[in-house]
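> give me a 3D structure for the following:
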Amino acid sequence: MTAALCAAFAAGATTAANAAEIAFSSQSDFTEISLNIRDTYNGNPDSIELEVTLNQDAQQRMQTATSAALEQDLTVLIDGKAVSTSRVQSAIDAPQMRVSISRQAAIALLPNLLGVNGASPPATRPAVAAAAPAGNPEPLFAMPPVEAQAQQVVPPTVTDSAPEAAAAMTAMTTPEPNAPQEAPPTVADAAPEVAAAMTAMTAPETNTPIPPLLPIPPTPPDLGAARAADPAPSALPQEAAMAPAVVAVESPVPAVPLVPIPPPPPPQVPRWATGAWLPTSATPSPYAEIYSGDAVAISAHAVNAITCNQARTQVLESSPQLVRLQISKGSPCIIDKVQVEQLRIRPSATPGKVTISLYGQGDDMDGAPAIEGSYQRKP
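Numbers count the residues shown, from 1 in each chain. Below you'll find the predicted structure:
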């Protein structure tokens, strides 16, 4: 508790005739509530200290009220009950407040401080229990429910009835032993007038034309007989036309997964173009072959000659009629004094011979080669 608050309420309770008032609600204005019931250092045993923490709105109202009531009496009301009246010595702006109240006031405020008043009232007892006599107290424990058992009811017979009722029913149904049997009344037993009338109604008149015989109507259907089976659907064209048409739904064809087509393999140097090739003259001698030019050795990835040391090649085209090889830029190749850029190899009509065309740098690749000659496979 702040010193200002303790000093403000140190004077104790006084008369509230002309005192100012400030009202608080224990449910909406107090955020914390403490009740000191017994204190060793409290000289007044009938006094109980109530310590509360005000929210911001209640603290502002407390500061305004104490500022306006300086050197005057201020009565504190909690939940509509006056709990203390003290002289204000200074304005109070702290959130904590300590008030000394009597035991009677504490007892009256305790339900509100505990929030008991806001609880729901106990449920009322049913009207049947209220109407019970005072001398019949309600049992503490309810009796368990009695389980009802179903029984078959048999109607009473003549033998099960009382003897007098059985005898009376037997006498009504049993004929007397010597009583004559009565015959059904006939036309002769009736009075003469009634007999004459009945005879006139039944006897046909003379010379009365007989009505023609009419055909006997067909026998009415027996409603109790079993129902005949319905005709087949094929015999009822109208019902067949009204029946919904059955549409055959083709089952969906399962989708075939798309398999990527692999790229075609890169062109390769065919076997007929690989090997070591020796140049030949245009008119070979009948005694020996005359060689003019450098020999050329062609492999799958390189070309070799006297001044062309394993030059790396790239296959541009490969077919049974033509093979085009591109010399890599980093592999210089000179054949027959030509800086070769491309080689073209064609098979010859003579087995074991080919025609090799050499294209140099700056030549028209679609035109005539720099050098072209006939080569035979080295034995």
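
> for the stretch 1-150 of the chain, which segments count as strands?
20-24, 30-36, 47-54, 73-78, 81-87, 96-102 (DSSP state E, counting those that start in this stretch).

> can you list the strands that the third one pairs with?
Spelled out, that is strand 47-54. strand 30-36 (antiparallel), strand 96-102 (antiparallel) (DSSP bridges).

> for these, give me JSON lines that also has distance to Pro267 and mean pLDDT.
To be clear about C-beta, it is placed using only N, CA and C from the backbone, and glycine gets the same treatment. Shown next, in JSON lines, are the strands paired with strand 47-54 (distance: least, Cβ to Cβ, whole Å; pLDDT from 0 to 100):
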{"stretch": "strand 30-36", "distance to Pro267": "91", "mean pLDDT": "88"}
{"stretch": "strand 96-102", "distance to Pro267": "98", "mean pLDDT": "87"}
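
> any chance of JSON lines for those, columns distance to Gln59 and mean neighbour count?
Output for those, formatted as JSON lines (distance: least, Cβ to Cβ, whole Å; neighbours: other Cβ atoms under 10 Å):
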{"stretch": "strand 30-36", "distance to Gln59": "10", "mean neighbour count": "13"}
{"stretch": "strand 96-102", "distance to Gln59": "9", "mean neighbour count": "19"}
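
> so which of those strands gets nearest Val354?
Relative to Val354, the nearest member of those by Cβ to Cβ is strand 30-36, separated by 108.2 Å.

> that closest one vs strand 20-24, what angle?
Orientation check (axes from the mean of the first three to the mean of the last three Cα atoms, to 10 degrees): strand 30-36 against strand 20-24 gives 100 degrees.

> my guess is Ile101 meets Ala82, correct?
No: under the criterion of Cβ atoms under 8 Å, Ile101 makes no contact with Ala82, lying 9.6 Å away.

> can you tell me how far the closest residue to Leu70 other than its chain neighbours is from Ile37?
With sequence-adjacent residues excluded and distances taken as Cβ to Cβ, 6 or more residues apart in numbering, Leu70 is closest to Val88, at 5.6 Å. Taking Cβ to Cβ, to the nearest Å as the measure, Val88 falls 27 Å from Ile37.

> for those two, indicate the residue with more neighbours.
Val88 (23 against 8; other Cβ atoms under 10 Å).

> what's the pLDDT at that one?
Looking at Val88, its pLDDT stands at 88.

> ok, now how distant is it from Thr53?
Val88 is 20 Å from Thr53, by Cβ to Cβ.

> again, but for Asn309
102 Å.

> looking at the two, which has the bigger crowd around it?
More crowded of Asn309 and Thr53, by other Cβ under 10 Å: Thr53, with 16 against 13.

> surely the more buried one and Thr31 touch.
Yes: checked against Cβ under 8 Å, the pair Thr53 and Thr31 is within contact range at 4.9 Å.

> now render the strands of the stretch 1-150 of the chain as JSON lines, adding distance to Thr66.
What follows is the strands of the stretch 1-150 of the chain, written out as JSON lines (distance: least, Cβ to Cβ, whole Å):
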{"stretch": "strand 20-24", "distance to Thr66": "8"}
{"stretch": "strand 30-36", "distance to Thr66": "17"}
{"stretch": "strand 47-54", "distance to Thr66": "12"}
{"stretch": "strand 73-78", "distance to Thr66": "7"}
{"stretch": "strand 81-87", "distance to Thr66": "10"}
{"stretch": "strand 96-102", "distance to Thr66": "10"}
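
> the ones you listed: which one's closest to Ser319?
Of all the strands of the stretch 1-150 of the chain, strand 30-36 comes closest under Cβ to Cβ, at 98.5 Å.

> how far off strand 73-78 does the closest one point, in degrees?
Using the same axes, to 10 degrees: strand 30-36 against strand 73-78 is 100 degrees.

> so what touches strand 30-36?
With contacts defined as Cβ atoms under 8 Å, 6 or more residues apart in numbering, strand 30-36 is touched by 24, 26, 48-55, 58, 106, 110, 113.

> reformat these as JSON lines; add pLDDT.
Shown next, in JSON lines, are the contacts of strand 30-36 (pLDDT from 0 to 100):
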{"residue": "Phe24", "pLDDT": "92"}
{"residue": "Ser26", "pLDDT": "89"}
{"residue": "Ile48", "pLDDT": "86"}
{"residue": "Glu49", "pLDDT": "86"}
{"residue": "Leu50", "pLDDT": "88"}
{"residue": "Glu51", "pLDDT": "90"}
{"residue": "Val52", "pLDDT": "90"}
{"residue": "Thr53", "pLDDT": "94"}
{"residue": "Leu54", "pLDDT": "92"}
{"residue": "Asn55", "pLDDT": "94"}
{"residue": "Ala58", "pLDDT": "92"}
{"residue": "Ala106", "pLDDT": "86"}
{"residue": "Leu110", "pLDDT": "86"}
{"residue": "Leu113", "pLDDT": "85"}
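
> out of those, which are buried?
Among these, those buried by neighbour count (16 or more other Cβ atoms under 10 Å) are Phe24, Ser26, Ile48, Glu49, Leu50, Val52, Thr53, Leu54, Ala58, Ala106, Leu113.

> the third one contacts Ser100, correct?
Yes: the pair Ile48 and Ser100 passes the contact test of Cβ under 8 Å, sitting 7.3 Å apart.

> circling back to that earlier point, just give me the closest of the contacts of strand 30-36 to Tyr359.
Closest to Tyr359, out of all of these and judged by Cβ to Cβ, is Asn55, at 101.3 Å.

> which residues does Ile345 form beta bridges with?
For Ile345, the beta-bridge partners are Val323, Ile356 (DSSP bridges).
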